[in-house]
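S.K.: Give me the fold of what follows.
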Amino acid sequence: MLNYTMRTAKRLRNICKASLLLLLCVSNATKAVPTAQSIDSTTIQLSAGEWPPFLSDSLPYQGVVAHLIRDIFAEAGITVNFTFLPWSRAYHDTENNKYAATAVWMFSDERATAYLYSEPVLSEKFVFFYQKQRHFDWQNIADLKGLLLGGGLGYSYGPEFDKALTEGSFEMSRVGNTEQNFRRLALGRIDAFAEEQSVGYFTLKHQLPELVNVINHHPKPLLINKSFLLFPKNNSESEKLLNTFNQYLLQFKQNGRYQAYFKGLEQGDYQPQAKLQQRVNP
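M.R.: Numbering: from 1, shown residues only. You can find the predicted model right below:
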C-alpha cells in the first residue's frame, strides 16, 4: 500500500511538472507572436487650417501640403489623420496636446516659445495683384508711395513693407479674406493687394471666375515666406516625431519627390472635384 501511494505521488509530481512546462511554453510562444496592435503602423492626429490649394478638407488629398506631409510620415511607417479647424483653434488645441502637430505656420518668436519648428515645408510667394486696365508696376517699396493697398486682417508683409506703412509712405485698407480684396480691386477701390500667388489664383478660379480675365499679378515677389510643421514642446513625443519628419523631408527634397508635389499643383492635381488618381512615388 505504501509503495502504491509513493508511485501515485510520483506520477502526480510528474504530471504537475509537465503541466508547468506546457504553460511556460505557451507563455513564451504568446510573447513571441506580435499582437495585431503591435504590428500596426503608428497613427498620429494633426490639426490644420483651411488654406486651399495647400490645405483643405474638400480637396483631393486634402491639398498638396497635406498630401506631402502624409506621405513623408508614411515613409517612416506613421499614418497621419488631419482634422481641419479654425486656425486659432488648431493652434490652441495642438499646444494643449490634442494633436501631435499643426500645419503649416510661418515663424514667429511667440510661436517658438510653445512649439518646435520642422524644416521648411512650403515656400510661399506673395505677389501684388492688380486690375489689368489700371497700370501698376513696382521694383522697390518706394514705388508704392501714394497708393491705397488692400490687405488681410492681421497680416504682416515683411519688415520693410511694415516699416514703410508705419511711416505713411502708402495706405492700407484691410478686410477679412482674399475674395473681398479681389472684389474691391475689380471695382477700383484699391490699387493693388498682396496675396500668396497660388492662393490668389485658386480663389479667382473657384470663387470669382468672372474676374479671372480682369485681374493680373506683378511678377516681382513682395515676399518669400517659409512655412513649417509645428510640434508642441510640452509633448514628450514631439522631438522624436520632429526628427523623423525632418529626416524624411530632407530625403524627399534630395531625390526630387518634394518638387513633384508642387509640379502636380501646377498641373491641376489638387483642384476641387478633380478625379483622384493615385500617383506612384511623386
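
S.K.: Tell me which helix or strand the nearest residue to residue 136 once chain neighbours are set aside sits in.
M.R.: Nearest non-adjacent residue to residue 136, counting by C-beta to C-beta, 6 or more residues apart in numbering: residue 130, 3.8 Å away. C-beta coordinates here come from the backbone N, C-alpha and C atoms, glycine included. Using DSSP states H and E, residue 130 sits in strand 122-131.

S.K.: Next: residue 47.
M.R.: Element membership for residue 47 (DSSP H and E) is strand 42-48.

S.K.: Mind exporting the C-alpha coordinates of that strand to CSV?
M.R.: Output of strand 42-48 as CSV, limited to C-alpha atoms (Å, rounded to 0.1, in the frame of the first residue of the first chain):
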residue,chain,number,x,y,z
THR,A,42,1.6,54.2,-35.6
THR,A,43,-1.2,56.7,-36.2
ILE,A,44,-1.0,60.4,-35.3
GLN,A,45,-3.5,63.2,-35.4
LEU,A,46,-2.6,66.5,-36.9
SER,A,47,-4.5,69.8,-37.0
ALA,A,48,-4.7,72.2,-39.9
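
S.K.: Show me what that strand is packed up against.
M.R.: If contacts are counted by 3 or more C-beta pairs under 8 Å, 6 or more residues apart in numbering; DSSP states H and E, strand 42-48 sits against helix 64-75, strand 78-84, helix 87-95, strand 101-106.

S.K.: Ok, which of the ones you listed comes nearest residue 45?
M.R.: strand 78-84 (5.3 Å; C-beta to C-beta).

S.K.: what's the spacing between the closest one and its chain's center?
M.R.: The chain centroid and the centroid of strand 78-84 are separated by 10 Å under C-alpha atoms, centre = their mean, to the nearest Å.

S.K.: Also stretch 161-172?
M.R.: For stretch 161-172 - counting by C-alpha atoms, centre = their mean - the centre lies 31 Å from the chain centre.

S.K.: now what about it, what contacts it?
M.R.: 141-142, 144-151, 156, 222-223 (C-beta atoms under 8 Å, 6 or more residues apart in numbering).

S.K.: Quick check: which of those has the minimum pLDDT.
M.R.: On pLDDT alone, residue 156 ranks lowest of those, at 80.

S.K.: Nearest spatial neighbour of that residue, chain-adjacent residues omitted?
M.R.: Closest residue to residue 156 apart from its sequence neighbours, by C-beta to C-beta, 6+ apart: residue 162 at 5.7 Å.

S.K.: by how many degrees do whichever strand or helix holds the one you found and strand 122-131 diverge?
M.R.: Secondary structure from DSSP H and E places residue 162 in helix 159-166. Inter-element angle recorded for helix 159-166 and strand 122-131: 40 degrees (by axes from the mean of the first three to the mean of the last three C-alpha atoms, to 10 degrees).

S.K.: Any regions of this protein where pLDDT drops low?
M.R.: The model of the chain has pLDDT under 70 over residues 1-41, 273-282.

S.K.: out of the contacts of stretch 161-172, which are inside strands?
M.R.: Mapping the contacts of stretch 161-172 onto strands (DSSP state E) picks out 148, 149, 150, 151, 223.

S.K.: nearest to residue 120, of the residues you listed?
M.R.: Distances from residue 120 to those, taken by C-beta to C-beta, are shortest for residue 223, at 14.4 Å.

S.K.: what's around the nearest residue to the closest one once chain neighbours are set aside, how many residues?
M.R.: Of all residues not flanking residue 223 in the chain, residue 126 sits nearest, at 4.2 Å (C-beta to C-beta, 6+ apart). Using other C-beta atoms under 10 Å, residue 126 has 19 neighbouring residues.

S.K.: contacting residues for residue 126?
M.R.: Shown in contact with residue 126 (C-beta under 8 Å, 6+ apart): 157, 194, 195, 196, 197, 221, 222, 223, 224, 225.
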